[in-house]
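Asker: structure for this input, please:
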Amino acid sequence: MPDLPHSPAADRNKQPILEVLTGILGERGSALEIASGTGQHAAWFAAAMPGWTWQPTDADARMLPALASRVAQAALPNLRAPLLLDVMAPRWPSQGAAFARGEEEKFDAIYCANMLHIAPWAACAVLMQGAARHLLADGLLITYGPYFEEEGTPAPSNLAFDEDLRARNPEWGIRRLEQVVAEANRQGLALRERHAMPANNLLLVFGF
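Answerer: Numbering: from 1, shown residues only. The predicted structure is shown next:
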C-alpha cells in the first residue's frame, strides 16, 4: 500500500472529536462526511463506532484515489468507498445516483470538519440546505473548526490564522458563529450543542 496523504492536525484532533461524537450519537446509524480530505477521520470514527456506516466524500477529484486507498487499507465493513461531492453542486453526490431518493437513503448524521473557513461564504448556506435535504427527521449536522464568537476575545492564534487564510484567498476566513447559526436557522436547523475543543476549535451540533 503506498504512503497516504497525512494531516498532522487530523491526527491530533480525531480522538477528542470521537469522544464528543460518542456522547452525541446513538449506538448505530449512518453518517455522511463532507470534505473528508485524507480520510483519517473517516477511518478512525468507523473503526471506533462499528454500529455506524460511514460515507466519506470530497469535492476534490484528485483526493479520491488516496481516500479510496485509505478506505481499502482500513478494510472496515462499515466504511464505504468515497464519493465525489461538492457542496456547491445542486445534487449530492456530484456523480452517480443522487442521495435521498427514498427515506432509507437519508442520513442520521452529517459531519463536516474544517471546511467552512477554506471555502467561499456561500458554501455555508448550501451546506445547510444540503443537510436539510439529506438528514432524517431526527438527524444531526455536526461541524468542527475555528469560529469567531460575538462574546469573548478571539484567540491570537485564530486571528493570525484568519489573516493568513484571507491573504491566501479573499473568499476564505474564519466564520462568525452567529452568522453560521443564522444560515442553519433558515433551513429549519437549530444549534443544539456547542463543545469547546482543543486548539481554539468548536464542535457544533445542529438539529431540526
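Asker: and the longest strand seen in the chain, which strands flank it?
Answerer: As assigned by DSSP state E, the longest strand anywhere in the chain is strand 135-145. Sheet pairing of strand 135-145 (DSSP bridges) gives strand 107-113 (parallel), strand 201-207 (antiparallel).
Asker: ranking these by burial, who's on top?
Answerer: strand 107-113 (a mean of 23; mean count of other Cβ atoms under 10 Å). The C-beta positions use only the backbone N, C-alpha and C, and glycine is treated the same way.
Asker: using CSV, list the CA coordinates for that strand.
Answerer: Output in CSV follows, covering the C-alpha atoms of strand 107-113 (Å, rounded to 0.1, in the frame of the first residue of the first chain):
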residue,chain,number,x,y,z
PHE,A,107,-28.6,10.0,6.9
ASP,A,108,-28.7,10.0,10.7
ALA,A,109,-25.8,12.4,10.8
ILE,A,110,-23.8,14.7,8.5
TYR,A,111,-20.3,15.5,9.6
CYS,A,112,-18.2,18.4,8.2
ALA,A,113,-14.8,19.4,9.7
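Asker: tell me which element Ala46 falls in.
Answerer: Using DSSP states H and E, Ala46 sits within helix 40-48.
Asker: ok so, going back, make TSV out of the strands paired with strand 135-145 and add mean pLDDT and distance to Gly37.
Answerer: TSV is the format used below for the strands paired with strand 135-145 (pLDDT from 0 to 100; distance: least, Cβ to Cβ, whole Å):
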stretch	mean pLDDT	distance to Gly37
strand 107-113	98	8
strand 201-207	98	15
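Asker: from the chain's centre, how far out does stretch 24-34 sit?
Answerer: Here stretch 24-34 is found 12 Å from its chain centre; the criterion is Cα atoms, centre = their mean, to the nearest Å.
Asker: change the start of the numbering to 583 and stick with it
Answerer: Yep, numbering from 583; the last one is stretch 606-616 now.
Asker: any idea of the mean pLDDT for it?
Answerer: Averaging pLDDT along stretch 606-616 gives 97.
Asker: repeat for stretch 630-650
Answerer: Here the average pLDDT along stretch 630-650 is 96.
Asker: please, where are all the helices along this structure?
Answerer: 590-606, 622-630, 646-656, 704-716, 738-750, 759-768 (DSSP state H).
Asker: please list all residues in contact with Glu733.
Answerer: Not one residue lies near Glu733 by Cβ atoms under 8 Å, 6 or more residues apart in numbering.
Asker: center of this structure, which residue is that?
Answerer: Cys694 (0.8 Å; Cα atoms, centre = their mean).
Asker: in the sheet, who's paired with that one?
Answerer: Ile616, Thr725.
Asker: so it sits right up against Thr725, yeah?
Answerer: Yes. If you go by Cβ atoms under 8 Å, Cys694 and Thr725 touch, sitting 5.0 Å apart.
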